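Novice: have a look; sequence and predicted model below, questions after that.
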Amino acid sequence: MSEATPGTNERRQKPAPGRRTLLGFLLGSSLLASLASIIYPILNFILPPPTGEVDTDTVVAGRADELAPNSGKIFRFGSRPGILVRTPAGDYCAFSATCTHLECTVQYRGREHDIWCACHNGVYDLQGRNVSGPPPRPLEVYDVHVQGEDVVVARRGRS
Ligand code: FES
């Protein structure tokens, strides 16, 4: 017959339920945190970020006193560029700034009074019509209104 030595019983005793619960909670929490730190970056990579203003129909393209006659500027129209032109006579006109050939961004040329695509020398007139070079179609024409200090551009039929 052997007698248990002091302390042996203490080693064989199961941990108190409170300690086991705490240990389980800590292990579970750290496992969840590890999974979250792996899954979150993957989801961030896979899911596209929200793109605001994609369906915008109206935008303030600039201030009325910003453009001198015979100049132009590129503005953001939703997710695409637009071009606002102030003609030599001082009128405003606006178009999509995406070339209809291979989608380069066009620019206004003050000396020629036209809209030019530098990629393949495409040229549009101030009505947006493709007049020379490879562009197959005219630029999309926008409506322009001066409202107080702002030059407001809208897609046709939605202003
Ligand atoms: S992309 Fe504009 S002319 Fe080719």
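Specialist: Cool, the structure landed.

Novice: let me see the ranges of the helices in this protein.
Specialist: 8-12, 17-46 (DSSP state H).

Novice: residue 79: which of those is closest?
Specialist: Across these, residue 79 has its closest neighbour in helix 17-46 (20.2 Å, Cβ to Cβ). Every C-beta, even on glycine, is put in place using the N, C-alpha and C of the backbone.

Novice: related to what we said a few turns ago, ranking the helices of the chain by burial, who's on top?
Specialist: helix 17-46 (a mean of 10; mean count of other Cβ atoms under 10 Å).

Novice: how about the residues of the protein near the ligand?
Specialist: Within reach of the ligand by Cβ under 6 Å from any ligand atom, the chain has these residues: 99, 101-102, 104, 117, 119-120, 122, 133-135.

Novice: buried subset of the residues you listed?
Specialist: Among those, those buried by neighbour count (16 or more other Cβ atoms under 10 Å) are 99, 101, 117, 119, 122, 135.

Novice: circling back to that earlier point, can you put the helices of the chain in a markdown table and add distance to residue 140 and mean pLDDT?
Specialist: Shown next, in a markdown table, are the helices of the chain (distance: least, Cβ to Cβ, whole Å; pLDDT from 0 to 100):
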| stretch | distance to residue 140 | mean pLDDT |
| --- | --- | --- |
| helix 8-12 | 82 | 57 |
| helix 17-46 | 33 | 86 |
